[in-house]
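Visitor: what follows is a predicted protein model with its sequence.
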Amino acid sequence: MKKVLFVINTLGIGGAERSLLELLDSLDSADCAIDLYVLLGRGQLISRVPEHVRLLNGKVDGGSIQDSPGRWALARMVAASFFRNGSWAGKLGSVLRALPSMLRNRRFQPDKLFWRVAADGAVRLEDRYDVAVAWIEGGASYFVADHVQAEKKLAVVHIDYEQSGYTRAMDRDCWARFQKIFVVSEEIREPFLRIYPEYRDRLQELPNLVNQEKIRRLAREPGGFSDGWDGLRLLSVGRLTYQKAFEIAVDAMRLLKDADFKVRWYVLGEGVQRKTLERKIAALGLQEDFILLGAVENPYPYYLQSDVYVHATRFEGRSIAVQEAQTLGCAVVVSNASGNRRQVEQNRDGLLCDLTPKAVSTAVGILLSDKRRRRRLGAAARVKRAASQEAVKAILEL
């Protein structure tokens, strides 16, 4: 029986995490023994690991990774990693090598700064595997590359690698130790190759695994909005981070209110920018109009109860949130950014717009003003098929 290991950074509420759990559900334990290692041992979805998967973490925490207690818990884990397995000076050196590029770009990203520390200081695994899969970039990839014994190593990249801020200095040639590197969409292949042109022959597309029937079933469960609002609703789903550009959404909402639209904008997600966004919302007088609901385990009733789904982000790999919105027949507005533009065909199953407050508000306003168009775009989006489980299994079997 083959021994397979999957490694992921955390199991918080996110697209890569949901996709991994769908894949683990689909893999037959009669064909292989499946182990899972969660690098930082935390996340709300840990309880959803299938019974046939052996979770290797001795201690896990089902709390959020994005709220304040979660971030402090992760900080303590990283601090402990500095001293576990020795070489604390080398770990400090990795931080110092990664810091200059962040300072130059004026984008301080603590997760990327300390992923190498977390990987090098993680508890080592004694078993040897036939296949080890790093399910996400960053710490999981560093850990599998440097500290896992396996005959074959595979990695999955979920993000526009160039725009996300990763560098060769951070990675320390980790990709050389993977026989195959999967990207979740063809559009993020070239950004990765601009940093690592030597790995062109190792790259292959691996679409996100989205269980559309399960999503539709969960959308019919109790839940969703409870504020009694009788106007139109906008929904966005994503972590409150620089990548998701919610500060632009707040400005767009101010323009929509100034244009007298009776609408509220809701965001499902948590993250480091919550306080910054709350200050901006208050400064623009939008406390009752732009609402940060936090992360929820079942977001699908919210999709079903919304009039327009908006995904105006700076960059993506392939957004699972957009695929979920399409699965539930939402009229969708996305920014014309990497990872988004391939998911929506302009005016057929959604609208694309530039990432500015004016452009976002204009595109959203078009749909808010035209119920017939919303229904037409939503109907076209609903019939789009996501990657099947068989297709993903066939690729991984390589």
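Guide: Received the coordinates, thanks.

Visitor: spit out the contact partners of the nearest residue to Gln343 once chain neighbours are set aside.
Guide: Distances taken as CB to CB, 6 or more residues apart in numbering place Val322 nearest to Gln343, at 5.0 Å, with adjacent residues excluded. No exception for glycine: its C-beta is placed from N, CA and C like everyone else's. Going by CB atoms under 8 Å, 6 or more residues apart in numbering, Val322 touches 309, 311, 332, 334, 340, 343-344.

Visitor: backbone dihedrals for Gly294, please?
Guide: phi 80, psi -180 (degrees, to the nearest 10).

Visitor: burial count for it?
Guide: When neighbours are counted by other CB atoms under 10 Å, Gly294 registers 16.

Visitor: so who does it touch?
Guide: 67, 268-270.

Visitor: neighbour-wise, which one of these leads?
Guide: Glu270 (26 neighbours).

Visitor: so how far is Lys244 from Ala283?
Guide: Distance, Ala283 to Lys244, by CB to CB, to the nearest Å: 19 Å.

Visitor: neighbour count winner among these two?
Guide: More crowded of Ala283 and Lys244, by other CB under 10 Å: Lys244, with 24 against 10.

Visitor: ok, the more buried one - contacts?
Guide: Listed by CB under 8 Å, 6+ apart, the contact partners of Lys244 are 236, 238, 269, 271, 313-314.

Visitor: list the residues that contact Leu40.
Guide: Residues in contact with Leu40 (CB under 8 Å, 6+ apart) are 9-10, 65, 74, 77, 118, 139.

Visitor: coming back round to it: which two of the contacts of Lys244 have the greatest separation?
Guide: The largest separation in the contacts of Lys244, counting by CB to CB, is between Gly269 and Arg314 at 14.9 Å.

Visitor: gap between Leu234 and Ala145?
Guide: Using CB to CB, Leu234 is found at 41 Å from Ala145.

Visitor: who has more neighbours, the two?
Guide: Applying other CB under 10 Å to Leu234 and Ala145 shows that Leu234 carries more neighbours, namely 25 against 21.

Visitor: so what pairs up with the more buried one in the strands?
Guide: Counting by DSSP bridges, Leu234 forms beta bridges with Trp265, Val308.

Visitor: any idea how far Ala325 is from it?
Guide: Leu234 is 11 Å from Ala325, by CB to CB.

Visitor: now for these two: what residues contact both?
Guide: Residues touching both Leu234 and Ala325 (CB under 8 Å, 6+ apart): Tyr309.

Visitor: if we can go back for a sec, any chance of the contacts of Lys244 in JSON lines, plus pLDDT, secondary structure and distance to Val296?
Guide: Below are the contacts of Lys244 laid out as JSON lines (pLDDT from 0 to 100; DSSP: H, G, I helix; E, B strand; the rest coil; distance: CB to CB, whole Å):
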{"residue": "Ser236", "pLDDT": "98", "secondary structure": "strand", "distance to Val296": "13"}
{"residue": "Gly238", "pLDDT": "94", "secondary structure": "coil", "distance to Val296": "13"}
{"residue": "Gly269", "pLDDT": "93", "secondary structure": "strand", "distance to Val296": "9"}
{"residue": "Gly271", "pLDDT": "89", "secondary structure": "coil", "distance to Val296": "14"}
{"residue": "Thr313", "pLDDT": "95", "secondary structure": "coil", "distance to Val296": "19"}
{"residue": "Arg314", "pLDDT": "93", "secondary structure": "coil", "distance to Val296": "24"}
